[in-house]
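>>> mind looking at a prediction? Sequence and model below.
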2 protein chains.
Amino acid sequence: MKNILATEELNTEELILRAAKKIFTHKGFEGARMKDIADEAGINKALLHYYFRSKDKLFESIFDGVLKSFLPQAILILSSELPLFQKIDRISEYYIQSLSKQPDIPIFVLHELSVNPYRLIENIKEHGMDLHLFSQQLQSEIDEGKIRPIKTAHFITNLFALCVFPFIGRPLIMGMMNLNDTEFNSYVLERRQIVTETMIRSLKV
Amino acid sequence: MKNILATEELNTEELILRAAKKIFTHKGFEGARMKDIADEAGINKALLHYYFRSKDKLFESIFDGVLKSFLPQAILILSSELPLFQKIDRISEYYIQSLSKQPDIPIFVLHELSVNPYRLIENIKEHGMDLHLFSQQLQSEIDEGKIRPIKTAHFITNLFALCVFPFIGRPLIMGMMNLNDTEFNSYVLERRQIVTETMIRSLKV
DNA sequence: GTCTATAAACAGATAGAC
DNA sequence: GTCTATCTGTTTATAGAC
């Protein structure tokens, strides 16, 4: 039985997937070159085609995987039994932490979706992006006078905007604020509390 | 003297720039084809090179123009003499209204900056992205106990995140919320008030 | 200035040896 | 499975006629 913990013992297919994820998320589908991916994986171009037939097929593997590793978590937390304010905290905690390790993901996903919106359709269907339960919870809190009225769409937009924008706007923020890499990392660490506070204060009656 | 109001009387260079802006902002630099731009402008590929030498040069013209038409306005409003809460309202009004007419701009700019962060440097130097005055105002309001403490970086991130994210995340929002184009437009119209309210409520002591 | 035709460079994909 | 060499189609860029 293979030692699953030996991270350096990757087979070729895994090497390719890791390299492809790095190059695609950094440069986008159109900007990525099969040569770049092969070099990153330390193998030959031809092997990419041997394992994945085409650039499109390879990309689909990466894109689907990325989407599946991020979107469902939001639905899971939002549809849970947790109190509203705890959900806010969990979402900001999870997304800011995950994206700190993979900061290229948001701009990659949103750029590709913006160029090819159809890509989302299958994935959404598959995972059933049902926010019905969450909408009910939100409406209950409003009806009981616990929070100010807000539509589900705006609540979710606000929450994700506050969490994700630092990663999307990184070069702009670093430029406008004159931050170096170290300073930017500190700034990101502060975001979790800022997001939670901003969301909760804006909802308080 | 030419009639500057006759919008249909564009010379070839203007036709190219208009077409290039449309194609580049929609598909990004790597995804854009010179053929697409020529077709959009109703002219021949060779003419693009006659006027702009290369795809890179043409892109620079567009990118610089786009940056100059959006960034300085924020600095202008933030560095003005207006009260803090009015600045919030002006920013959300200006950016949500402008971007409604050109919704591709944010993802375009942020994707290109993410692939080539150096692009920003010259532009920022040129326009002097100085937020010193604004930081002083923010600190004064905090010191006088008028608003809760918040760093300039987080204030600006929050404000721009709330304004810009709907355009960046459009396909995702439409997918998750099951919105059609008409519904999305209504949703965007509501954002201006949501942004102002969210920002101001989160700052209130 | 504007076009057609073509060159030159590149990128994705395949053939075939090992 | 993995490599080198090559093919095929695409894309940017140029030459040259009008």
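Alright, I've got the coordinates. Because the structure is a prediction, the values reported are computed rather than measured.

>>> pull out the buried positions in stretch A:44-56.
A:48, A:51-52, A:55 (16 or more other Cβ atoms under 10 Å in any protein chain shown). The way it works is simple: take the backbone N, C-alpha and C, and place the C-beta from them, glycine included.

>>> now for the residues you listed: which two are most distant?
Greatest spacing in the buried residues of stretch A:44-56, by Cβ to Cβ: A:51 and A:55 (12.1 Å).

>>> next secondary structure element downstream of the helix or strand of chain A at the bottom of the mean pLDDT ranking?
Across the helices and strands of chain A, mean confidence by mean pLDDT, DSSP states H and E is lowest for helix A:119-127: a mean of 70. Proceeding N to C from helix A:119-127, the next assigned helix or strand is helix A:132-143, under DSSP states H and E.

>>> can you get me a residue count around residue A:163?
The burial count assigned to residue A:163 is 27, neighbours taken as other Cβ atoms under 10 Å in any protein chain shown.

>>> looking at it now. What's its pLDDT?
You'll see residue A:163 listed with a pLDDT of 98.

>>> so what's the closest residue to it other than its chain neighbours up against?
Nearest residue to residue A:163 in three dimensions, chain neighbours excluded: residue A:95, at 4.5 Å (Cβ to Cβ, 6 or more residues apart in numbering or on different chains). When contacts are counted by Cβ atoms under 8 Å, 6 or more residues apart in numbering or on different chains, residue A:95 touches A:70, A:73-74, A:160, A:163-164.

>>> gap between residue A:95 and DNA strand D?
In this view, residue A:95 and DNA strand D are 35 Å apart by Cβ to the nearest atom of the strand, to the nearest Å.

>>> and the residue nearest to residue A:35 when sequence neighbours are not counted, how far from DNA strand C?
The spatial neighbour of residue A:35 that comes closest, neighbours along the chain excluded (Cβ to Cβ, 6+ apart), is residue A:45 at 6.0 Å. According to Cβ to the nearest atom of the strand, residue A:45 stands 5 Å off from DNA strand C.

>>> how much space between residue A:45 and residue A:34?
5 Å (Cβ to Cβ, to the nearest Å).

>>> picking that back up, which SSE is immediately downstream of the one helix or strand the residue nearest to residue A:163 maps to?
Under the criterion of DSSP H and E, residue A:95 resides in helix A:84-101. Of the helices and strands lying after helix A:84-101 in sequence (DSSP H and E), the nearest is helix A:105-115.

>>> do that next one and chain B meet?
Yes - Helix A:105-115 reaches chain B (Cβ under 8 Å from any Cβ of the partner chain) through A:107, A:109-111, A:113-115.

>>> one step back: buried ones among the contacts of residue A:95?
Here, 16+ other Cβ under 10 Å leaves A:70, A:74, A:160, A:163-164 buried among these.

>>> need those in JSON lines (columns: secondary structure).
Compiled in JSON lines, the buried ones among the contacts of residue A:95 are given as follows (DSSP: H, G, I helix; E, B strand; the rest coil):
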{"residue": "A:70", "secondary structure": "helix"}
{"residue": "A:74", "secondary structure": "helix"}
{"residue": "A:160", "secondary structure": "helix"}
{"residue": "A:163", "secondary structure": "helix"}
{"residue": "A:164", "secondary structure": "helix"}
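
>>> closest one of those residues to DNA strand C?
Checking the buried ones among the contacts of residue A:95 against DNA strand C by Cβ to the nearest atom of the strand gives residue A:70 as the nearest, at 24.9 Å.

>>> hang on, that closest one packs against residue A:108?
No - using Cβ atoms under 8 Å as the test, residue A:70 is too far from residue A:108 to be in contact (10.8 Å).

>>> show me what from chain A comes close to DNA strand D.
Applying Cβ under 7 Å from any atom of the strand, we find that chain A lies next to DNA strand D at A:12, A:43-47, A:50.

>>> the residues you listed in helices, which ones?
A:12, A:45-47, A:50 (DSSP state H).

>>> among those, give me the pair with the biggest separation.
A:12 and A:45 (13.3 Å).

>>> what's the spacing between residue A:104 and DNA strand D?
24 Å.

>>> with adjacent residues omitted, what lies nearest to that residue?
residue A:25 (4.2 Å).

>>> report the angle between the helix or strand hosting the one you found and helix B:12-31.
Using DSSP H and E, residue A:25 sits in helix A:12-31. Following axes from the mean of the first three to the mean of the last three Cα atoms, to 10 degrees, one obtains 170 degrees for the angle between helix A:12-31 and helix B:12-31.

>>> what is helix A:12-31 packed up against?
helix A:34-41, helix A:45-52, helix A:55-78, helix A:105-115, helix B:12-31, helix B:105-115 (3 or more Cβ pairs under 8 Å, 6 or more residues apart in numbering or on different chains; DSSP states H and E).

>>> residue A:147 is nearest to which of those?
Among the helices and strands packed on helix A:12-31, the nearest to residue A:147 by Cβ to Cβ is helix A:55-78 (15.2 Å).

>>> quick one: is that closest one near DNA strand C?
Yes - shown here: helix A:55-78 in contact with DNA strand C (Cβ under 7 Å from any atom of the strand) through A:55-56.

>>> same for that helix, what does it pack against?
helix A:12-31, helix A:45-52, helix A:84-101, helix A:105-115, helix A:119-127.

>>> could you dump the residues of chain A next to DNA strand D into JSON lines and include pLDDT?
Putting those into JSON lines (pLDDT from 0 to 100) gives the following:
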{"residue": "A:12", "pLDDT": "97"}
{"residue": "A:43", "pLDDT": "98"}
{"residue": "A:44", "pLDDT": "97"}
{"residue": "A:45", "pLDDT": "98"}
{"residue": "A:46", "pLDDT": "98"}
{"residue": "A:47", "pLDDT": "98"}
{"residue": "A:50", "pLDDT": "98"}
